[in-house]
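Student: fold the following.
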Amino acid sequence: MAKDEINAFLGAGTSYQGKLNFQGSVRIDGAFQGEVTSEGTLVVGQEADVEGTIDVGQLVLSGRMNGEVRARERVVLHRTANLHGTLITPVLVMEEGAVIDGRITMTSDSAEALPSEQTSIES
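Tutor: Below is the predicted model of the structure:
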């Protein structure tokens, strides 16, 4: 399997609730509410609406997300991304037009960051 190959796809027009654990890469294009945990990559498509707690290796966001995001490696926000909540990551790549409404914490050890110890930028 290629490194960028998607293991699972939650399509547009669908909605899911609950806990999602996976290895590799998963793409969400529908609505998801709950908890996502993985060492892999979560891709949130332009039409997706995700709400909950996200703890992944990498996040690539093009849609809407509301909640807490922890990424151990990096977060990429495309121009259509809209993130409301808390973002903790060591690397943030953000295209012009992407929106973040909340708190950002960038630390080399995002898995260990605690809210009381964070240096943050608030909007």
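Student: can you give me the strands in the chain?
Tutor: In order along the chain, the chain carries the following strands (DSSP state E): 8-10, 15-22, 25-28, 31-38, 41-44, 49-61, 64-77, 82-89, 92-94, 99-106, 121-122.
Student: who does residue 76 form a beta bridge with?
Tutor: Beta bridges link residue 76 to residue 60, residue 93, judged by DSSP bridges.
Student: what is the neighbour count of it?
Tutor: By the measure other C-beta atoms under 10 Å, the count of residues near residue 76 is 20. For glycine as for every other residue, the C-beta is placed from the backbone atoms N, C-alpha and C.
Student: low-confidence regions, this structure specifically.
Tutor: 1-4, 6, 109-123 (pLDDT under 70).
Student: repeat the analysis, applying 90 as the threshold.
Tutor: Within the chain, the ranges that satisfy pLDDT under 90 run 1-14, 107-123.
Student: please identify the most buried of the strands of the chain.
Tutor: The highest average neighbour count among those, using mean count of other C-beta atoms under 10 Å, belongs to strand 41-44 at a mean of 24.
Student: thank you kindly, that will do.
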